[in-house]
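Enquirer: With the input below, show me the fold.
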Amino acid sequence: LAERIATETGIPCYCYEAAALKPERRNLAVCRAGEYEAIPEKLADPAKAPDFGARPYDESIARTGCTVVGARDFLIAVNFNLNTTSTRRANAIAFDVREKGRPERIGNPITGEIRRDENGKPVMIPGTLKGTKAIGWYIKEYGIAQVSMNITDINTTPLHAAFDEVCRCAEARGVRVTGTEIVGLVPERALIDAGKHFLRKQHRSTGIPKEDILDIAIKSMGLSDLRPFEPKEKVIEYLLDAGKDGADKLTALTVKGFADETLRESPAPGGGSVAAYMGALGAALGTMVANLSAHKPGWDDRWEEFSRWADKGVELEAELLHLVDEDTEAFNRIMAAFGMPKNTDEDKRLRSEAIQKATLFAAQVPLETMKASFKAFEICKEMAETGNPNSVSDAGVGALAARAAVLGAGLNVKINASSLKDKAQAEALINEANNLMAEADKAEREVMEIVEKLIHN
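Expert: Below is the predicted model:
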């Protein structure tokens with residue numbers, strides 16, 4: 001890309017970050033050193049010349065300057081709000097944490113002469129946060145000082161780690177962080193990781209809905225301190241998805257809406273989607289018991305154990321909710337295939353192939369629902385055996401829902417597989433479905449025996 005820009009526009013181009021052709025240029029600051037005024041000097045020095053489009057400085061370059069092209073992981077630009085108006089205090093905190101740190105001084109650590117190495121360069125005392133750049137400033141609009149930070153390596157220093165460390169260093173200097181301001185956009189995982197981090201600090205389960213985790217992150221870091229923080233406007237994935245129409249998804253419906261859509265005379269959603277939803281409910285009930293157990297008084301030393309089970313349940317619920325819509329999509333593919341033209345022999349051949357392909361998909365999707373729903377038994381059984389005994393009936397209902405999901409999805413595998421022309425493939429699908437149905441019967445009985453025993457004791 002950089003070469004193309006230079007060739008097609010004549011604008012000299014530097015490469016930085018992961019695209020850097022010279023190691024020192026991985027840092028954007030090296031490419032930008034001296035800014036616009038240094039361009040004539042750089043173009044005249046082979047060691048500092050652009051990677052592409054290097055040529056003598058002229059009137060054209062005077063108008064366009066140079067450009068840079070790079071590739072890197074997401075950068076988070078964040079400001080930490082302080083309960084002070086002192087830029088000096090904010091700067092001190094910024095120097096404490098930023099990777100570059102501060103110059104070492106001889107004698108007085110603030111006013112003493114800067115210590116230099118044999119090459120005359122300042123000796124630096126590194127800060128505590130790798131992959132960060134920071135400075136302190138005063139924001140007249142808010143009447144507060146801030147530590148303004150760029151987190152350039154969010155894998156090494158996650159957002160929540162930066163927040164905690166700025167809080168620690170601020171407190172050491174008699175200052176308090178009152179909130180956090182995200183500049184621009186932030187990746188979802190940064191907030192999810194933050195929410196889980198603060199839940200773990202509270203010894204709370206992390207196996208809860210994503211929306212709840214985001215809310216914990218927003219409240220814990222004070223993201224709404226200066227203005228309301230709206231995930232739909234600040235999280236990059238949500239903005240990218242904003243233009244996509246998800247209103248037609250079954251999982252976007254209310255509980256009543258889903259039931260009403262099922263009872264209408266249209267054949268979809270049908271048993272396959274309902275089976276997947278039953279599986280999701282089974283996983284959700286097992287997860288609920290795990291979360292109740294993690295928060296049970298007197299069981300505080302077991303919260304991590306139950307949180308791990310809840311995490312499994314959340315992942316399983318998400319998988320099965322996806323299959324709710326996937327099953328209806330499978331039916332729609334069959335209808336589309338049957339709607340193909342059949343005027344010529346070629347039309348008929350293509351139509352027949354499309355029908356068989358769609359039918360195979362329609363058998364494979366409920367098979368995936370069976371496999372996913374079967375995983376709910378493990379959670380429900382564990383929660384029945386070791387979870388909060390007051391919620392053992394919920395674990396039992398979860399197992400019943402899982403069995404209904406496996407058996408219901410199995411019927412869909414069989415009816416679709418029976419329409420396949422490839423009888424060997426059909427038999428293999430049906431045999432796998434029958435085995436899973438038999439195993440589900442067995443797993444459900446095992447859970448119910450535990451449940452009944454605890455209820456009657």
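Enquirer: And stretch 124-139, end to end?
Expert: Start-to-end span of stretch 124-139 (C-alpha to C-alpha, to the nearest Å) is 28 Å.
Enquirer: cool, and stretch 195-211?
Expert: Stretch 195-211 end-to-end distance (C-alpha to C-alpha) = 10 Å.
Enquirer: Centre of the chain to that stretch, how far?
Expert: In terms of C-alpha atoms, centre = their mean, to the nearest Å, the centre of stretch 195-211 is set 14 Å apart from its chain centre.
Enquirer: quick one: average confidence on it?
Expert: Stretch 195-211 shows a mean pLDDT of 97.
Enquirer: residues of that stretch that come out buried?
Expert: Within stretch 195-211, the residues that count as buried by 16 or more other C-beta atoms under 10 Å are G195, K196, H197, F198, L199, R204, S205, T206, G207, I208. Backbone N, C-alpha and C define where each C-beta goes, glycine included.
Enquirer: ok, now which ones touch S293?
Expert: Residues in contact with S293, defined by C-beta atoms under 8 Å, 6 or more residues apart in numbering, are W299, R302, F306, M383, T386, G387, N388, S391.
Enquirer: Go through those and flag which are in helices.
Expert: Counting by DSSP state H, the contacts of S293 place F306, M383, T386 in helices.
Enquirer: Tell me the one among the residues you listed nearest to N291.
Expert: The closest of these to N291 turns out to be F306 (C-beta to C-beta; 7.1 Å).
Enquirer: thought L75 was touching T152?
Expert: Yes. Between L75 and T152 there is a contact under C-beta atoms under 8 Å: 5.6 Å.
Enquirer: Those two: which has the busier surroundings?
Expert: T152 (21 against 17; other C-beta atoms under 10 Å).
Enquirer: May I have the residues that are in contact with M370?
Expert: Contact analysis of M370 by C-beta under 8 Å, 6+ apart lists A405, V406, A409, G410, V413, A433, L436, M437, A440.
Enquirer: Pretty sure P103 sits against M124.
Expert: Yes. Under the criterion of C-beta under 8 Å, P103 makes contact with M124 at 6.0 Å.
Enquirer: Let me know the secondary structure of E118.
Expert: coil (DSSP: H, G, I helix; E, B strand; the rest coil).
Enquirer: elements contacting the strand or helix carrying R88?
Expert: Taking DSSP states H and E as the definition, one finds R88 inside helix 87-97. Judged by 3 or more C-beta pairs under 8 Å, 6 or more residues apart in numbering; DSSP states H and E, helix 87-97 is in contact with strand 76-82, strand 132-139, strand 144-151, helix 159-172.
Enquirer: in the chain, which spans are strands?
Expert: Using DSSP state E, the strands of the chain run over residues 13-17, 67-71, 76-82, 102-103, 105-106, 113-114, 124-125, 132-139, 144-151, 177-183.
Enquirer: spatially speaking, which residue is in the middle of this structure?
Expert: Closest residue to the average C-alpha location of the chain: R189 at 3.6 Å, with C-alpha atoms, centre = their mean.
Enquirer: before we move on, back to that, how about CSV for the strands of the chain, with mean pLDDT, distance to M340 and mean neighbour count added?
Expert: Formatted as CSV, those follow (pLDDT from 0 to 100; distance: least, C-beta to C-beta, whole Å; neighbours: other C-beta atoms under 10 Å):
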stretch, mean pLDDT, distance to M340, mean neighbour count
strand 13-17, 87, 49, 23
strand 67-71, 87, 43, 17
strand 76-82, 98, 49, 23
strand 102-103, 95, 71, 18
strand 105-106, 94, 79, 14
strand 113-114, 93, 78, 12
strand 124-125, 95, 70, 16
strand 132-139, 97, 58, 19
strand 144-151, 98, 52, 24
strand 177-183, 97, 50, 20
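Enquirer: mind giving me CSV with these and columns for distance to E35?
Expert: Formatted as CSV, the strands of the chain follow (distance: least, C-beta to C-beta, whole Å):
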stretch, distance to E35
strand 13-17, 13
strand 67-71, 12
strand 76-82, 20
strand 102-103, 22
strand 105-106, 28
strand 113-114, 24
strand 124-125, 22
strand 132-139, 17
strand 144-151, 18
strand 177-183, 21
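Enquirer: contacting residues around L292?
Expert: G387, N388, N390, S391.
Enquirer: same thing but 10 Å
Expert: By C-beta atoms under 10 Å, 6 or more residues apart in numbering, the contact list for L292 reads S205, W299, F306, A310, M383, G387, N388, N390, S391, D394.
Enquirer: likewise V177?
Expert: Listed by C-beta under 10 Å, 6+ apart, the contact set of V177 reads 80-83, 93, 146-147, 163-164, 166-171, 221-222, 225.
Enquirer: ok, of the residues you listed, which come out buried?
Expert: Here, 16+ other C-beta under 10 Å leaves 80-82, 93, 146-147, 163-164, 166-167, 169-170, 221-222, 225 buried among the contacts of V177.
Enquirer: List just the nearest of those to F361.
Expert: M221 (44.0 Å).
Enquirer: how far away is that closest one from A399?
Expert: From M221 across to A399, the span is 39 Å (C-beta to C-beta, to the nearest Å).
Enquirer: re the thing from before, could the buried residues of stretch 195-211 go into CSV alongside distance to I455?
Expert: As requested, the buried residues of stretch 195-211 are arranged in CSV below (distance: C-beta to C-beta, whole Å):
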residue, distance to I455
G195, 36
K196, 34
H197, 38
F198, 37
L199, 31
R204, 28
S205, 25
T206, 30
G207, 25
I208, 27
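Enquirer: and of those residues, the nearest to R55?
Expert: Using C-beta to C-beta, the buried residues of stretch 195-211 come closest to R55 at H197, 50.4 Å.
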